[in-house]
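Asker: The following block contains a protein sequence and its predicted model.
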Amino acid sequence: MQKTIGERDREHAKALHETQEKMRIKRQLTNNINHELKTPVASISGYIETILSNGHMDEATRTAFLQRCLTQCERLGKLLSDVAAITRMDDGREQMNRERVVLNDIVDEIAEEVALQPAERRLRVNCGFTDDVAVVGNREMLTSIFRNLASNAVAYSSGRDIFINLLAEDDEKYTISFADNGIGVEEEHLPRLFERFYRVDKGRSRKMGGTGLGLAIVKNAVALHGGAIEARNRVSGGLEFVFTLKKNS
């Protein structure tokens, strides 16, 4: 009986710890969201107040201010979209719709999106998949992995190429590499890249419209498909993400 009571108490303590941890993470997320919202909201408010208080403002300046308001609104929209994605992932894998997803098709979609970037930000997507790489999982979340990694490379790598390759395969999982040939990241930042709202260069990230949630979304999406991900600098230059995906998550 004492053994049974002890096991029950340990289970209760474990459940309590998990509940408290979830609450802590949600509080932290809420605080971070509030902080992230302040800058674009203050910016929009300032531009609009300036326009309203200057009735004789020339048309070019007015248009420039309105364009900046639009840019900040787009940033808010992206932030809210990313927060919604993180929240859905926190709800757990039991709510995922699953289907057979061919990752080659997702890579093709991402390549088309990257090709539409302005010339100075356009990267070539080089995929080394020789056969169909297919998993049973959630297509939206799987797409978010490749889209956010591509967006990260476009915005921050300063490289010209993206390389996507299948490193290994067994009966249960795939191991995939997503790399660029850019400037890489200082070693001290590598362990924290997947933290929510962590930025290597805060000023540049905000200027590029980053929300600080992209790589956190990637990590969660990979985990929900039974995998893990790590980041490392390439010997030849650039940043490489290596992650696993279960064939049937």
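Answerer: Structure's in. What do you need?
Asker: now the strands for this structure?
Answerer: For the chain, the strands defined by DSSP state E cover 99-102, 124-127, 134-137, 161-169, 173-180, 229-233, 239-246.
Asker: Now tabulate these in CSV and tack on distance to D82 and mean pLDDT.
Answerer: In short, each C-beta sits where N, CA and C put it, glycine included. Converted to CSV, those look like this (distance: least, Cβ to Cβ, whole Å; pLDDT from 0 to 100):
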stretch, distance to D82, mean pLDDT
strand 99-102, 21, 95
strand 124-127, 22, 96
strand 134-137, 20, 95
strand 161-169, 21, 97
strand 173-180, 19, 98
strand 229-233, 17, 97
strand 239-246, 18, 97
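Asker: Could you export those to a markdown table, including columns for distance to A153 and mean neighbour count?
Answerer: As requested, those are exported to a markdown table (distance: least, Cβ to Cβ, whole Å; neighbours: other Cβ atoms under 10 Å):
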| stretch | distance to A153 | mean neighbour count |
| --- | --- | --- |
| strand 99-102 | 22 | 14 |
| strand 124-127 | 9 | 16 |
| strand 134-137 | 22 | 19 |
| strand 161-169 | 5 | 17 |
| strand 173-180 | 4 | 21 |
| strand 229-233 | 12 | 18 |
| strand 239-246 | 8 | 20 |
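Asker: Distance to L116 added to those strands, as TSV?
Answerer: Conversion of those to TSV gives the following (distance: least, Cβ to Cβ, whole Å):
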stretch	distance to L116
strand 99-102	22
strand 124-127	12
strand 134-137	26
strand 161-169	14
strand 173-180	18
strand 229-233	26
strand 239-246	23
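Asker: Just tell me which of these ends up closest to T143.
Answerer: strand 99-102 (8.5 Å; Cβ to Cβ).
Asker: can you pull out the helices in this structure?
Answerer: 2-53, 59-90, 103-115, 139-156, 202-207, 214-223 (DSSP state H).
Asker: Using PDB, list the CA coordinates for the last one.
Answerer: What follows is the C-alpha trace of helix 214-223 in PDB, where atoms were taken according to Å, rounded to 0.1, in the frame of the first residue of the first chain:
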ATOM      1  CA  GLY A 214      10.000  31.400 -36.700                       C
ATOM      2  CA  LEU A 215      12.600  29.000 -35.500                       C
ATOM      3  CA  ALA A 216      10.500  28.200 -32.300                       C
ATOM      4  CA  ILE A 217       7.700  27.200 -34.700                       C
ATOM      5  CA  VAL A 218      10.200  25.000 -36.600                       C
ATOM      6  CA  LYS A 219      11.300  23.200 -33.400                       C
ATOM      7  CA  ASN A 220       7.800  22.600 -32.300                       C
ATOM      8  CA  ALA A 221       6.600  21.400 -35.700                       C
ATOM      9  CA  VAL A 222       9.600  19.000 -35.800                       C
ATOM     10  CA  ALA A 223       8.900  17.700 -32.300                       C
END
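Asker: which residues sit against it?
Answerer: Residues outside helix 214-223 that contact it (Cβ atoms under 8 Å, 6 or more residues apart in numbering): 82, 85-86, 89-90, 141-142, 144-145, 148-149, 151-152, 193-197, 228-229, 241, 243-245.
Asker: cool, stretch 144-152 as well?
Answerer: So stretch 144-152 is contacted by 85, 103, 106-107, 110, 113-114, 123, 125, 162, 164, 178, 214-215, 217-218, 221-222, 241, 243 (Cβ under 8 Å, 6+ apart).
Asker: Could you give the average pLDDT over that stretch?
Answerer: Averaging pLDDT along stretch 144-152 yields 93.
Asker: Could I get the buried residue list for it?
Answerer: For stretch 144-152, the neighbour count (16 or more other Cβ atoms under 10 Å) marks 144-152 as buried.
Asker: Next, count neighbours for T211.
Answerer: Neighbour count for T211, taken as other Cβ atoms under 10 Å: 23.
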